[in-house]
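A.B. asks: Got a sequence here, can you model it:
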Amino acid sequence: MRLWVITSPDDFASEYDDIEEMFRRGLTRLILDKRSRSGGYVGADEYERWLLGLPMEFRDRIWLQGTPDMAEQLDVRGCICDARLLVGTVPERWKRMNCIAKVLNPEDFARLPEWVSGALVGPVFQPLSALGPVDALGMDFVKSAYGCENGATSLPLILSGGVDVDSIDEFHKMAPAGVASLGGVWNYADPVNAFVKLNRSCGNSPL
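C.D. replies: Predicted coordinates for the structure are as follows:
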């Protein structure tokens, strides 16, 4: 089960050092998702400034929260894109990108086109990074709605929401292709060590 780490929404002093060390210790999937300084969605210019803090060699392990065009412009591996933007007629160039659809309900999931690379589904449980209660899908709902348990869907599922070492066994029961964690890594004083433990709990060997 692949572990995807979501960046902290706000920048902090040791962020680049921590992320580089995670890459060196086995991180293969980073979701770049930042809070805009001006409010609203983060633009390509802000993402570009952030990416300049990391060596270019790591861009092939980064998916940004945005559009396929933005991912292509910034030369990263792919994007996490709102499922509703991917339904219907889209530019042909989008279909050549590694595009993960962000879905919040089975209705959006059912409408996804075949060309998308996977689906980021959640929150399954209460997100560890949330400041207040969040409506979570729940494990039983995810199993039945998306067919995780019996492999009913061939589209790789990445589950998010409440992913940490204490809950990882529950995620294993759903047998997704991967899980995505924010608070399960960044809520700890030593996020690199938290990543290593969580990655090992997912069944991946540290480098």
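A.B. asks: what comes up buried for the host helix or strand of residue 16?
C.D. replies: Assessed by DSSP states H and E, residue 16 sits inside helix 15-24. Using 16 or more other C-beta atoms under 10 Å as the test for burial, helix 15-24 gives 15, 18, 19, 20, 21, 22, 23. Where you see a C-beta, it was placed from the backbone N, CA and C, and this is true even at glycine.
A.B. asks: for these, which one is nearest residue 162?
C.D. replies: Comparing the buried residues of helix 15-24 against residue 162 with C-beta to C-beta places residue 22 closest, at 20.1 Å.
A.B. asks: Do you know the pLDDT at the residue lying farthest from the centre of the chain?
C.D. replies: Residue farthest from the centre of the chain, counting by C-alpha atoms, centre = their mean, is residue 89 at 24.7 Å. As predicted, residue 89 sits at a pLDDT of 94.
A.B. asks: now swap in residue 36 and tell me
C.D. replies: 81.
A.B. asks: How about it: what's its closest non-neighbour residue?
C.D. replies: The shortest distance from residue 36 to any residue other than its chain neighbours is 4.7 Å, reached at residue 42 (C-beta to C-beta, 6 or more residues apart in numbering).
A.B. asks: hmm, who's touching the helix or strand of the chain with the lowest mean pLDDT?
C.D. replies: Sorting the helices and strands of the chain by mean pLDDT, DSSP states H and E puts helix 139-146 at the bottom, at a mean of 86. Outside of helix 139-146, the residues within contact range by C-beta atoms under 8 Å, 6 or more residues apart in numbering are 106, 109, 121, 124-125, 137, 148-149, 152-153, 157, 159, 170, 173-174.
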